[in-house]
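**Q** Sequence and predicted model, in that order:
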Amino acid sequence: MRYPTIACAVFLVATGCATTKSGSSGSGDTLDKIKSSKVVKLGYRDSSVPFSSVGHDGNPMGYSIDLCTAVVDGLSKDLELPDLKIEWVKVTPESRIDAVVNGTIDLECGSTTSTLARQERVDFSFFTFLDGATVMSSADASVHKLGDLSGKKIAVIPGTTTEKLLREAFVKAGITPEIVVVKEHRDGLVAINEKRVDAYASDRVILLSLALNSSEPHKYTMVDRLLSYEPYGLMLRRDPSFRLAVNRQLARIYRSGSVIDIYGKWFGNFGPPSEILLTMYAMYALPE
């Protein structure tokens, strides 16, 4: 996959969408609700490491969690609400979109890919991360390339972009693995360890984190091919004023360079930010 070519095209589309979507329908009352209640409801995942998970103290943690917390800190200053509080609400891959639409949460802080299909129901902030889906297996499963998956069992979370693109990749490659459904990322790793599946498919950084945080990180291997392009964003309702307020905070975080500290905290083991990720930060560090 040639990331630079694809990413540049997507960046152009994204920046164009940022303009055209401003006319989309939305209640426009999110900021009013926040001012009135002095509460921002943030959605989190419990096992989307290192983006959004739960620490030993029971509190949400991760790259997306830190970004959302920084966004709320900025909103607190801009709205002149020093006592603005965060209410954390757990969401799942199945419930996250409905939670945004029905107002259960104001902002989803996870590892959700911004897609045009999802934008029919919800909106997204500027991109917060770039990734791609691939497949992880145990080293003794003899899975080195996509063709090695034919006839094998592959775990995946249903309703994700990974599931859709994985099925399309298999059809294109002419291979016929058996898809096994799991609920969360940790379930995919457990399924590999218990030999119930031969591999687990998800975004590359999530798979790397699962392996590195396991008791035996060297027992896992990944297919050397990205099956998709996954631009993450913070999901919110179709409310142009609130989207602008969130994007203003992200732009400040990117301009200040504090996003590099957040990246280092959660991805330091993977090395420095890639050139394409640095380009993304620079492109969304918009001036006031």
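**A** Yes, it's here.

**Q** drop to CA atoms for contacts and neighbour counts, all remaining ones
**A** Fine.

**Q** Tell me which residues touch Ile34, please.
**A** When the contact criterion is Cα atoms under 8 Å, 6 or more residues apart in numbering, the partners of Ile34 are Val40.

**Q** What confidence value was assigned to it?
**A** We have a pLDDT of 97 for Ile34.

**Q** Remind me which helix or strand it belongs to.
**A** helix 30-37 (DSSP states H and E).

**Q** And that helix, what's buried?
**A** Judged by neighbour count using 16 or more other Cα atoms under 10 Å, the buried positions of helix 30-37 are Thr30, Leu31, Ile34, Lys35.

**Q** For those, give me CSV that also has distance to Pro240.
**A** Formatted as CSV, the buried residues of helix 30-37 follow (distance: Cα to Cα, whole Å):
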residue, distance to Pro240
Thr30, 10
Leu31, 10
Ile34, 15
Lys35, 17
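
**Q** Show me the two of those residues that sit farthest apart.
**A** The span of the buried residues of helix 30-37, defined through Cα to Cα, is set by Thr30 and Lys35 at 8.6 Å.

**Q** Counting neighbours, what do you get for Glu194?
**A** 10 (other Cα atoms under 10 Å).

**Q** I would like the residues contacting the strand ranked longest in the chain, please.
**A** For the chain, the longest strand by residue count, based on DSSP state E, is strand 123-131. Surrounding strand 123-131, the residues in contact under the criterion Cα under 8 Å, 6+ apart are 64, 114, 203-205, 229-239, 243, 246-247, 250, 277, 280-281, 284.

**Q** ditto for stretch 190-201
**A** 133-138, 141, 152-156, 162-163, 166, 180, 188-189.

**Q** swap the cut-off to 6 Å and go again
**A** Thr134, Val135, Met136, Ser137, Lys153, Ile154, Ala155, Val156, Gly188 (Cα atoms under 6 Å, 6 or more residues apart in numbering).

**Q** Quick one: end-to-end length of it, please.
**A** The distance separating the two terminal residues of stretch 190-201, taken as Cα to Cα, to the nearest Å, comes to 13 Å.

**Q** State the mean pLDDT of it.
**A** Rounded to a whole number, the mean pLDDT of stretch 190-201 is 95.

**Q** where along the stretch 101-250 of the chain do the helices fall?
**A** Listed in chain order, the helices of the stretch 101-250 of the chain (DSSP state H, counting those that start in this stretch) span residues 161-173, 185-193, 204-212, 240-256.

**Q** Look up the pLDDT of the nearest residue to Leu207 once chain neighbours are set aside for me, please.
**A** If you skip the residues right next to it in sequence, Leu207 has Met136 as its closest partner in space, 6.7 Å away by Cα to Cα, 6 or more residues apart in numbering. pLDDT recorded at Met136 is 95.

**Q** How about Val181?
**A** Per-residue pLDDT puts Val181 at 94.

**Q** got it, and Thr5?
**A** According to the per-residue confidence, Thr5 scores 42 in pLDDT.

**Q** next one: Gly28
**A** We have a pLDDT of 61 for Gly28.

**Q** Next, the angle from the helix holding Ile34 to helix 240-256.
**A** With axes from the mean of the first three to the mean of the last three Cα atoms, to 10 degrees defining the directions, helix 30-37 sits at 90 degrees from helix 240-256.

**Q** Just the C-alpha atoms of helix 30-37, please, in PDB.
**A** Coordinates of the C-alpha atoms in helix 30-37 are reproduced here as PDB (Å, rounded to 0.1, in the frame of the first residue of the first chain):
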ATOM      1  CA  THR A  30     -24.500  20.700  22.000                       C
ATOM      2  CA  LEU A  31     -22.600  23.700  23.300                       C
ATOM      3  CA  ASP A  32     -25.700  25.100  24.900                       C
ATOM      4  CA  LYS A  33     -26.400  21.800  26.600                       C
ATOM      5  CA  ILE A  34     -22.800  21.700  27.900                       C
ATOM      6  CA  LYS A  35     -23.000  25.300  29.200                       C
ATOM      7  CA  SER A  36     -26.300  24.500  30.900                       C
ATOM      8  CA  SER A  37     -25.300  21.200  32.500                       C
END
